[in-house]
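J.: Sequence first, predicted model second:
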Amino acid sequence: TQAGFALIEAGSVRSRNTTNILIKNVMDLLVGAIVYWAVGYAFSYGEGNAFIGTTYFFLAEVPINGYYYWWFHYVYAATAASIISGAVAERIKFVSYLTYTSCTTGIIYPIACHWAWGPNGWLKVGIPGATYQDFSGGSLIHGVGGMCGLLGAICLGPRLGRFDKKGNPHNLPGHNVPYVTLGGFILLFGFFSFNVGSQFRVGHAYGGVVIGLIITNSILSVAGG
């Protein structure tokens, strides 16, 4: 999915900002891996209280089957950060963006993740007869990434050149439609992997049937908007 985000964002900005937005997408992965390894996974899935996890920092004493789980959810966290990069494109300094994406991947998203998917998160526990349900992060990942992106855009304001001195808007079209189109296809394929991968197993009874249902629902959701 990261390749899809990178191409969509690179094609949607002006050509002079292409390198900047591509580097930010790369750093989402690299910096995100370090902070999610150090503290993010602990906050997400460590034993703790209903608000935050307090074990597994730097993956210390993580169960042997926790490593693939860390990888899968690290990609989720990086996806939440990538949503932000598109929302604040062409309007944020590089160092400021690194700080923002590090906090999102290492603190903000993991805490929200613990609420919904942690061993005793308050949303997961819920109330009798009603608990939070999110199979593949459809609301959790996009909710966190979207809200952080919105707040960033509000704080930063419009892109330079978006409005003239009288407040009249100027159109700032992206410079490469094929990039955007190809990125959309790559992102679509990545979401199929996300959704199917969230099943985590195929060997149990009806595993293949469940995966087929997931794929069907995914493509119908895309087709229906």
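T.: The structure has been received and is ready for your questions. None of the values given here were measured: they were computed from a predicted structure. Numbering: from 1, shown residues only.
J.: Neighbours of residue 109, how many?
T.: Per other Cβ atoms under 10 Å, the neighbour tally for residue 109 reads 30. All C-beta atoms are positioned from the backbone trio N, CA, C, and that covers glycine.
J.: Likewise for residue 117?
T.: Every residue meeting other Cβ under 10 Å relative to residue 117 is counted, giving 18.
J.: now do residue 138
T.: When neighbours are defined as other Cβ under 10 Å, residue 138 has 14 of them.
J.: SS state for it?
T.: coil (DSSP: H, G, I helix; E, B strand; the rest coil).
J.: what's the pLDDT at it?
T.: Looking at residue 138, its pLDDT stands at 82.
J.: Relative to residue 183, how far out is it?
T.: 20 Å (Cβ to Cβ, to the nearest Å).
J.: In the chain, mark out all the strands, start to finish.
T.: Counting by DSSP state E, one finds no strands in the chain.
J.: Run through it and note the low-pLDDT ranges.
T.: For the chain, applying pLDDT under 70 flags the ranges 201-206.
J.: how about the residue in it sticking out farthest from the centre, phi and psi?
T.: Distance from the C-alpha centroid of the chain peaks at residue 166, with 37.0 Å (Cα atoms, centre = their mean). With angles defined as degrees, to the nearest 10, residue 166 sits at phi -90, psi 0.
J.: Pull up the gap between residue 124 and residue 111, please.
T.: 13 Å.
J.: from what I can see residue 123 touches residue 113, true?
T.: No. Using Cβ atoms under 8 Å, residue 123 is not in contact with residue 113; the gap is 10.1 Å.
J.: Look at these two and report which has more neighbours.
T.: The neighbour count for residue 123 versus residue 113, taken as other Cβ under 10 Å, is higher for residue 113 (26 against 17).
J.: Give me the nearest residue to that one, chain neighbours excluded.
T.: Counting by Cβ to Cβ, 6 or more residues apart in numbering, the nearest residue to residue 113 once its immediate chain neighbours are dropped is residue 44, at 4.3 Å.
J.: show me where the chain has helices.
T.: Counting by DSSP state H, the chain has helices at residues 2-12, 18-35, 41-45, 66-87, 94-103, 109-117, 122-125, 140-156, 177-197, 207-224.
J.: residues in contact with the fifth one?
T.: Contact with helix 94-103 is made by 20, 23-24, 27-28, 31-32, 35, 81, 84-85, 88, 92, 148, 152, as judged by Cβ atoms under 8 Å, 6 or more residues apart in numbering.
J.: burial of the closest residue to residue 131 other than its chain neighbours, as a residue count?
T.: Nearest non-adjacent residue to residue 131, counting by Cβ to Cβ, 6+ apart: residue 124, 6.3 Å away. For residue 124, the neighbour count with other Cβ under 10 Å is 17.
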